[in-house]
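Enquirer: with the sequence up front, the predicted model follows.
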Amino acid sequence: MPDLPFVYWDSCVFLSYINEIADRVEDIDRLLSKSGKEFQIITSALTIVEVAFAKVEQDQKALDEDTEEKIKGLWEPPSPIQLVEFYPLLGHEAKELMRQSLTRAWSLKPLDAIHLVTARRLASTVFHTYDDTLFKCSELLGIPIEPPRVSDPELPHLHPRRLVEPI
């Protein structure tokens, strides 16, 4: 298997997919179909907890079996998503990133910090999110942070992985 570039997805990308956000689903579907072939989509295993239900389920306070199957399909084989385990080094790096962001008068939530440092630690070539408050963190991480978009003929910023030093 070739050494595919990593593309990191924040949990909000998966939530957009589950919630079928009209202007996002087409790009997400197309990127999912390319994962494992042109690049590998990765995310923290913590995303499983963040993608617990769809907005309609939350609003109606009722669970839907089809939604549950769609969510399971994200994580269970033959999913195109590779999950990354959380471990103490990531926790220390996330804490340090939160401390660094404080000196810039930014507010960074713990799970966002974990996602960001996980992407950096695994030498992701790009971090996909719809959370525009995270775009500014690109300068701290040295990773492009942008919404997921399909570009032809290939995604921008894809390059071979490299070793990454801790923050």
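Expert: Structure received.
Enquirer: could you identify the helix or strand that succeeds the helix or strand of the chain with the lowest mean pLDDT?
Expert: Least confident helix or strand, the chain: helix 138-141 with a mean of 92, by mean pLDDT, DSSP states H and E. Going down the chain from helix 138-141, the next helix or strand is strand 145-146, by DSSP states H and E.
Enquirer: list the buried ones in the least confident helix or strand of the chain?
Expert: 140, 141 (16 or more other Cβ atoms under 10 Å). For every residue, glycine as well, the C-beta is placed using N, CA and C.
Enquirer: from the contact counts, what lies against that helix?
Expert: helix 88-102, helix 110-121 (3 or more Cβ pairs under 8 Å, 6 or more residues apart in numbering; DSSP states H and E).
Enquirer: run through who's touching that helix.
Expert: With contacts defined as Cβ atoms under 8 Å, 6 or more residues apart in numbering, helix 138-141 is touched by 97, 100, 101, 116, 117, 119, 120, 127, 144, 145, 167.
Enquirer: same question, stretch 85-92
Expert: So stretch 85-92 is contacted by 44, 45, 46, 114, 117, 118, 121, 166 (Cβ under 8 Å, 6+ apart).
Enquirer: now do stretch 13-23
Expert: 24-25, 28-29, 32, 43, 47, 50-51, 54-56, 67, 70-71, 74, 128-130, 148.
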